[in-house]
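**Q** sequence first, then the predicted structure, then my questions.
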Amino acid sequence: MNRRTVLGFAATSALAGLAGCIEGVQEHFGFQGVIPVEIQSEAEETQNILLESRERESGRQSYEQSYSVTPGETVSAPHLDQTEQSFRVAKIENETMVTVRTVSVTPDADLVKIQLYDDNLVVEVRRDDGENEIADGEDGDGDGNETAGNGNETDPDATGNETAANETDADADDE
């Protein structure tokens, strides 16, 4: 055997040995996948928004970002962890939350897309199984949407989306 063959075999053997360990290392150190967050403004005026996320199991706030998005701008926000969580987007006017959308983010989510309009806010969670969730306030069916600042809360019996309603109730207690 020549030297190149021996070195090539050693390198291949080392890589093959490590291949099975990568998942264990990721689990041990808590590495998780990420879910991209994209914000797109279709509005004619600058929109101020607040993004928040809470872990489902612990209720711990795991994400909080604020943005001022100009008309026609697309913003890539920091990624969400690929965990079970409630994700809330609030449109802010005069330091008050005027429109709030809440969606469920699960590990099978591929993208969270937020579309801003002058009079509305749409949050879409795209999943790899094709079962996308959209919170847009257009149908009024209590799908995790609320108008903030007036005491209205999501009715968990309207769609069975108790997670969004519970998250909303918890936030009302925090204020």
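**A** Yes, it's here. Residues are numbered from 1 along each chain as shown.
**Q** for residue 3, give me phi and psi.
**A** phi -60, psi -40 (degrees, to the nearest 10).
**Q** count of neighbours near it?
**A** Around residue 3 there are 7 other residues, counting by other Cβ atoms under 10 Å. C-beta coordinates here come from the backbone N, C-alpha and C atoms, glycine included.
**Q** try residue 76
**A** Residue 76: 9 neighbours (other Cβ under 10 Å).
**Q** where does it sit: helix, strand or coil?
**A** strand (DSSP: H, G, I helix; E, B strand; the rest coil).
**Q** surely it and residue 38 touch.
**A** Yes: contact criterion Cβ atoms under 8 Å: residue 76 and residue 38 qualify, at 5.9 Å.
**Q** would you map the strands across the chain?
**A** Using DSSP state E, the strands of the chain run over 34-41, 47-55, 61-69, 74-81, 85-93, 96-105, 109-116, 121-127, 133-135, 145-146.
**Q** out of the ones you listed, nearest to residue 6?
**A** Nearest of the strands of the chain to residue 6, taken as Cβ to Cβ: strand 34-41 at 39.8 Å.
**Q** which of the strands of the chain is buried the deepest?
**A** strand 145-146 (a mean of 25; mean count of other Cβ atoms under 10 Å).
**Q** average model confidence for it?
**A** Averaging pLDDT along strand 145-146 gives 47.
**Q** and residue 104, bridged to which residues?
**A** Listed by DSSP bridges, the beta-bridge partners for residue 104 are residue 86.
**Q** tell me the confidence at it?
**A** Looking at residue 104, the pLDDT reads 94.
**Q** how far away is it from residue 59?
**A** 14 Å (Cβ to Cβ, to the nearest Å).
**Q** could you dump the strands of the chain to a markdown table with distance to residue 6?
**A** Listed next are these as a markdown table, based on distance: least, Cβ to Cβ, whole Å:
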| stretch | distance to residue 6 |
| --- | --- |
| strand 34-41 | 40 |
| strand 47-55 | 50 |
| strand 61-69 | 49 |
| strand 74-81 | 43 |
| strand 85-93 | 50 |
| strand 96-105 | 49 |
| strand 109-116 | 44 |
| strand 121-127 | 48 |
| strand 133-135 | 55 |
| strand 145-146 | 65 |
